[in-house]
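Peer 1: mind looking at a prediction? Sequence and model below.
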Amino acid sequence: MSQAERVLGLDGVIAAAKEGRGLPPVHLWNPPHCGDIDIVIKPSGLWFHEGTPIGREGLVRLFASVLRKDPDGFHLVTPVEKLRITVEDAPFVAIRVDAQVDAAGQPVLRFLTNVGDEVEACADNPIRVAQAPDGEPRPYVHVRRGLEALIARPVFYELAELAEPRTIDGVRVMAVSSGGAWFAIGLDPASESGPDEA
């Protein structure tokens, strides 16, 4: 793809993202793949274009609104074209969590991402914790259609304070509840001191 075609592609993505209100229905669009574009989302959640940070928050949010995860990677999608980008970890970062109670008295964890998405953890939007190569936990929450947010460390500490011991799949873990589901965020340290008496 030439430089001119890449610029036109970006203009098309911006135009498509600006149309209508709310999130565009990118899951319904089936455009042809038009090549790769030099946009990288770093693990910090920062977006770079051709090695330069995209400093305009509004532009990043526009791009995020037309981001889609397909079997062959992450793409910015419009009704007429699809451009593959690079995502080094998760495309979003969860920068805040609010612990609330719903109308039925059940706990709810509502996350806010760095691009303005609000998501309630539940069976459809689970929290999962992977392990980084250095052994540190890498926690994520599902946001929409296969796109996840890395849970920022201070937010994960808040979850750890809310966690309760629980047995999930026969393993004693520390877990949080939200939307009628339980999510393991780590092993229960007390389980190492003796057998589970529950």
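Peer 2: It's in.
Peer 1: ranges for the helices of the protein?
Peer 2: Listed from the start of the chain, the chain has helices (DSSP state H) covering 3-18, 57-65, 153-162.
Peer 1: avg pLDDT for the longest one?
Peer 2: Right, the one you point to is helix 3-18. Model confidence over helix 3-18 averages 52 on the pLDDT scale.
Peer 1: correct me, but residue 137 touches residue 130?
Peer 2: Yes - Residue 137 sits in contact with residue 130 when judged by CB atoms under 8 Å, with a separation of 7.5 Å. The way it works is simple: take the backbone N, C-alpha and C, and place the C-beta from them, glycine included.
Peer 1: and those two? which has more neighbours close in?
Peer 2: residue 137 (14 against 11; other CB atoms under 10 Å).
Peer 1: residues contacting the residue lying closest to the more buried one once chain neighbours are set aside?
Peer 2: For residue 137, the nearest residue in space outside its immediate sequence neighbours is residue 129; the separation is 5.0 Å by CB to CB, 6 or more residues apart in numbering. For residue 129, the contact set (CB atoms under 8 Å, 6 or more residues apart in numbering) comprises 137-140, 184-186.
Peer 1: okay, now the unreliable bits of the chain?
Peer 2: Under the criterion of pLDDT under 70, the regions of the chain flagged as low confidence span 1-21, 191-198.
Peer 1: domains in it, as residue ranges please.
Peer 2: Domain segmentation of the chain under automatic domain parsing yields 3-87, 92-193.
Peer 1: may I have the phi/psi pair for residue 116?
Peer 2: phi 90, psi 0 (degrees, to the nearest 10).
Peer 1: burial of it, as a residue count?
Peer 2: When counting by other CB under 10 Å, one arrives at 12 neighbours for residue 116.
Peer 1: and it, how far from residue 174?
Peer 2: 30 Å (CB to CB, to the nearest Å).
Peer 1: how about residue 181?
Peer 2: As defined by CB to CB, residue 181 lies at a distance of 15 Å from residue 174.
Peer 1: likewise for residue 66?
Peer 2: For residue 66, the distance to residue 174 equals 37 Å [CB to CB].
Peer 1: of these two, who's got more company?
Peer 2: Neighbours were counted for residue 66 and for residue 174 using other CB under 10 Å; residue 66 has more, 22 against 19.
Peer 1: my guess is that one contacts residue 80. True?
Peer 2: No - taking CB under 8 Å as the definition, residue 66 is not a contact partner of residue 80, at 12.0 Å.
Peer 1: circling back to that earlier point, as CSV, the contacts of residue 129 with distance to residue 50 would be great.
Peer 2: CSV is the format used below for those (distance: CB to CB, whole Å):
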residue, distance to residue 50
137, 33
138, 28
139, 31
140, 28
184, 40
185, 37
186, 39
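Peer 1: only whichever of these are buried, select them in ChimeraX.
Peer 2: Selecting only the buried members of the contacts of residue 129 in ChimeraX, with burial defined as 16 or more other CB atoms under 10 Å, works like this:
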select :138,139,140,184,185
